[in-house]
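> Here you go, sequence then predicted model.
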Amino acid sequence: MQKRYLNDIMLFERKCGKMFITFEGQEGAGKSTQTKLLYSHFLERGCNVILTREPGGTDIAEKIRHILKDPGSAYMSKKAEALLYIAARAQLADEVILPHLAAGGVVLSDRFTDSTIAYQGFGNGLDLGILISMSNFAGNCLVPDITFYLQVDVKEGLERKLAQGTPDRIEQKDLSYHMRVKKGYEYLLRNFPQRIFAINAELPRDEIHKTIISHIENMKIEGGNTHETYYGHHSRRRRLSNY
Ligand code: TMP
């Protein structure tokens, strides 16, 4: 009988223990629907879970989000943009993510450092090495335990987004920018196949959700966030040599 309880506790800890799960994807991929579904899934199981997003998730970071998304900031220097995303990450990490993980909880985040690599690195052509160092500085070298990349046809995703209302500053960028971002995500998928799982975002909502749950249930958790490297070894030279 006691052993049975012990198994239950171990199972609970494995499914509810310290975990950092991120969602990535391009415009119109349906990330926010899936993050909310997963959040409800953890809540229903009594887990100590929080759902956050990047940029945003704290008062200060939400103000930064507003600046970044504002179509009125049409001319924003690429470097200023990168620094704002990273400033928002630092605030969210220090105020929310790191304390919650330290308390043994589950953190779900709609985007994290992979977005900076894809959008500022590949989309805007900024130096990957610098972006990685700054992101590591902002997030205390935190690495997601698992990342779900919702893969959508870039053009269709953008059209879907545009149909929802006035495009934000990023959605307004041209198709070639968004195609470069896609290349960035493909680069990340190739280089971090154990952490990042691509899921076809065109599949039915519930099917995607089930796939996500099964990946989480099958993942190995070894005390959380134990990845030894986070992009650090991917210098710009390495990136260029891949092309
Ligand atoms: P979203 O929350 O609707 O996905 O909007 C966030 C936007 O910000 C999206 O266009 C991706 C972009 N972004 C970056 O360019 N770099 C980053 O580091 C992050 C977190 C987001």
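Sure, I can see it. Numbering: from 1, shown residues only.

> And the strand or helix carrying N136, what's buried?
N136 is part of helix 128-138, with elements assigned from DSSP states H and E. Neighbour counts over helix 128-138 (16 or more other C-beta atoms under 10 Å) mark L128, G129, L131, I132, M134, S135, N136, A138 as buried. C-beta here means a position set from N, CA and C on the backbone, and glycine is covered the same way.

> now stretch 156-167
By neighbour count on 16+ other C-beta under 10 Å, the buried set for stretch 156-167 is G157, L158, K161.

> Stretch 203-216 now?
I208, H209, T211, I212, I216.

> now do stretch 186-194
Buried residues in stretch 186-194 (16+ other C-beta under 10 Å): Y187, L188, L189, N191, F192.

> how much space is there between the residue nearest to the spatial centre of the chain and K210?
Closest residue to the average C-alpha location of the chain: R111 at 2.6 Å, with C-alpha atoms, centre = their mean. Plainly put, R111 is 22 Å away from K210 if you go by C-beta to C-beta, to the nearest Å.

> before we move on, the earlier item: pipe the buried residues of stretch 203-216 into JSON lines and attach pLDDT and secondary structure per row.
Output for those, formatted as JSON lines (pLDDT from 0 to 100; DSSP: H, G, I helix; E, B strand; the rest coil):
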{"residue": "I208", "pLDDT": "98", "secondary structure": "helix"}
{"residue": "H209", "pLDDT": "98", "secondary structure": "helix"}
{"residue": "T211", "pLDDT": "97", "secondary structure": "helix"}
{"residue": "I212", "pLDDT": "97", "secondary structure": "helix"}
{"residue": "I216", "pLDDT": "94", "secondary structure": "helix"}
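
> what's the helix or strand for G104?
Counting by DSSP H and E, G104 is part of no helix or strand.

> tell me the pLDDT at the spatially closest residue to it that is not a sequence neighbour?
Of all residues not flanking G104 in the chain, K18 sits nearest, at 5.0 Å (C-beta to C-beta, 6 or more residues apart in numbering). pLDDT, K18: 92.

> looking at it, K18 is touching G105, isn't it?
Yes - the criterion here is C-beta atoms under 8 Å, and K18 meets it with G105 at 6.8 Å.

> For this protein, list the residues in contact with the ligand, please.
Contact residues (C-beta under 6 Å from any ligand atom) of the chain with the ligand: R53, E54, P55, Y85, D110, R111, S115, T116, Y119, Q120, I170.

> I'd like to know which of those is nearest to K36.
Proximity of the residues of the chain next to the ligand to K36 (C-beta to C-beta) peaks at D110, which lies at 9.2 Å.

> count of residues packed around that closest one?
20 (other C-beta atoms under 10 Å).

> hmm, back to that, flag the least confident of the buried residues of stretch 156-167.
K161 (89).

> So it is in contact with E171, correct?
Yes - if you go by C-beta under 8 Å, K161 and E171 touch, sitting 5.4 Å apart.

> Just the C-alpha atoms of stretch 153-171, please, in CSV.
Extracted as CSV, the C-alpha positions of stretch 153-171 are listed here (Å, rounded to 0.1, in the frame of the first residue of the first chain):
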residue,chain,number,x,y,z
ASP,A,153,3.0,27.8,-43.6
VAL,A,154,4.5,31.3,-43.3
LYS,A,155,2.2,33.0,-45.8
GLU,A,156,-1.0,31.4,-44.5
GLY,A,157,-0.1,32.1,-40.9
LEU,A,158,0.5,35.8,-41.7
GLU,A,159,-2.8,36.0,-43.6
ARG,A,160,-4.6,34.4,-40.7
LYS,A,161,-3.1,37.0,-38.3
LEU,A,162,-3.9,39.9,-40.6
ALA,A,163,-7.5,38.8,-40.9
GLN,A,164,-7.7,39.2,-37.1
GLY,A,165,-7.1,42.9,-37.1
THR,A,166,-4.4,45.6,-37.5
PRO,A,167,-1.0,44.0,-37.9
ASP,A,168,1.6,44.9,-35.3
ARG,A,169,5.1,46.2,-36.1
ILE,A,170,6.5,42.7,-36.6
GLU,A,171,3.5,41.3,-38.6
